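> No letters, just coordinates:
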């Protein structure tokens, strides 16, 4: 594997992790509000 | 059937490829009809729970779309319309696509069950199974009626949206289901008429390939007339007011009027297929407008037709 390919893999992994983090964070917020809504 | 070999994925897929796997354009229609079902249902729902229900419908549609592309990657590679999808292009491994589809499907049903209720979650699970297994794996490669029966998958969202609010199944949400069910064949066969060479190439038994063009055109007319009747049924049973009734009447008459030239002609060599393309384009607009009218009917004050 060339250094360019290695760098590309790292870049893709990073951007995937970032999006996954944002999605999971979104679910944390959503579940918080669902819990509040269910308690009302 | 000969299908080109799919290049193996050499890089981890980009997040955009996962997003593309969910068929975002199809999701927009699914979210819209689901939201309309939710807004048109009698009663009210907490906005957070309403949002969650629609999110679950979208996640389920995305999961089912991913499973569909996982199963059909070989066929997609051979068709011009689908050859640029992530799997046929080798931008993603098939295992990743399958796992992503299963994860989205399971998450959508689980969250729907926890936040909304068992009935809505059960219907959502059935709709995913219907699209991914009954339609994609079982019927699509076996019968030219694939679209008729598989069309049921796309008909679930307004039913689920409605059930999320009311918690039970009544005649109205079943009629909303029926409208999309009846709408699907003329919508899809109009498309299949002008891309039929692609489906024939990969051996998918689409109606124009199996039963012939003439029969398909006649059936488009039949379904269009059935759609006229079905779209008026919610008004006829008193489930909606005149705002919806008149909109459904006008829209369905235009649908039938556009189906007439499709039903009464045959394609010439190098035909531009304008009537078929026009019917297909209008069919998308039709569904948006009809469901928007359904919501408007519930939101607006009743229209008095008689003095």
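Yep, that arrived. Every value quoted in this text rests on a predicted model; they were computed, and no experiment measured them. Numbers count the residues shown, from 1 in each chain, chains lettered A, B, ... in the order given.

> where in the chain is pLDDT low?
By default, I'm working from chain A. Low-confidence segments of chain A, defined by pLDDT under 70: none present.

> think we crossed wires, I meant chain B
Using pLDDT under 70, the flagged stretches of chain B are B:1-4, B:196-197, B:305-307.

> list the contacts for the most centrally placed residue in it?
In chain B, the C-alpha nearest the mean C-alpha coordinate belongs to residue B:154, at 3.4 Å (C-alpha atoms, centre = their mean). Residue B:154 is in contact with B:29, B:30, B:131, B:180, B:184, counting by C-beta atoms under 8 Å, 6 or more residues apart in numbering or on different chains. Quick note: C-beta positions are derived from backbone N, CA and C, even for glycine.

> can I see the domain layout of chain B?
As assigned by automatic domain parsing, chain B contains the domains B:14-168, B:170-302.

> Packed most tightly, which of those domains would that be?
domain B:14-168 (a mean of 20; mean count of other C-beta atoms under 10 Å in any protein chain shown).

> so how far does it reach from one end to the other?
End-to-end distance of domain B:14-168 (C-alpha to C-alpha, to the nearest Å): 41 Å.

> Also stretch B:7-24?
In stretch B:7-24, first residue to last residue: 24 Å (C-alpha to C-alpha).

> which ones are touching the residue in the stretch 151-300 of chain B positioned nearest to chain A?
Evaluated by C-beta to the nearest C-beta, the stretch 151-300 of chain B has residue B:164 as its residue closest to chain A, separated by 12.9 Å. The contact partners of residue B:164, by C-beta under 8 Å, 6+ apart, come to B:38, B:41, B:45, B:49, B:50, B:53, B:112, B:116, B:117, B:120.

> And the fourth one, how close does it get to chain A?
Here residue B:49 is placed at a distance of 5 Å from chain A (C-beta to the nearest C-beta, to the nearest Å).

> give the contact list for that residue.
When contacts are counted by C-beta under 8 Å, 6+ apart, residue B:49 touches A:34, A:37, A:38, B:115, B:116, B:164.

> For the first one, give me its contacts.
By C-beta under 8 Å, 6+ apart, the contact list for residue A:34 reads B:48, B:49, B:52, B:114, B:115.

> which of those residues sit farthest apart?
B:48 and B:114 (13.0 Å; C-beta to C-beta).

> Identify the residues contacting stretch A:4-19?
Contacts of stretch A:4-19 with the rest of the structure, by C-beta under 8 Å, 6+ apart, involve B:11, B:12, B:13, B:14, B:15.

> Export the residues you listed as a markdown table, with columns for secondary structure.
Formatted as a markdown table, those follow (DSSP: H, G, I helix; E, B strand; the rest coil):
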| residue | secondary structure |
| --- | --- |
| B:11 | coil |
| B:12 | coil |
| B:13 | coil |
| B:14 | coil |
| B:15 | helix |
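
> nearest to chain A, of those residues?
Nearest member of the contacts of stretch A:4-19 to chain A, counting by C-beta to the nearest C-beta, is residue B:15, at 4.2 Å.

> what sits against that closest one?
Going by C-beta under 8 Å, 6+ apart, the list of residues near residue B:15 reads A:15, A:16, A:19, A:20.

> can you count the residues close to the closest residue to it other than its chain neighbours?
Excluding its sequence neighbours, the residue lying closest to residue B:15 (C-beta to C-beta, 6 or more residues apart in numbering or on different chains) is residue A:19, at 4.2 Å. Neighbourhood size, residue A:19 [other C-beta atoms under 10 Å in any protein chain shown]: 15.

> For residue A:19, pull up the helix or strand it's in.
helix A:3-39 (DSSP states H and E).
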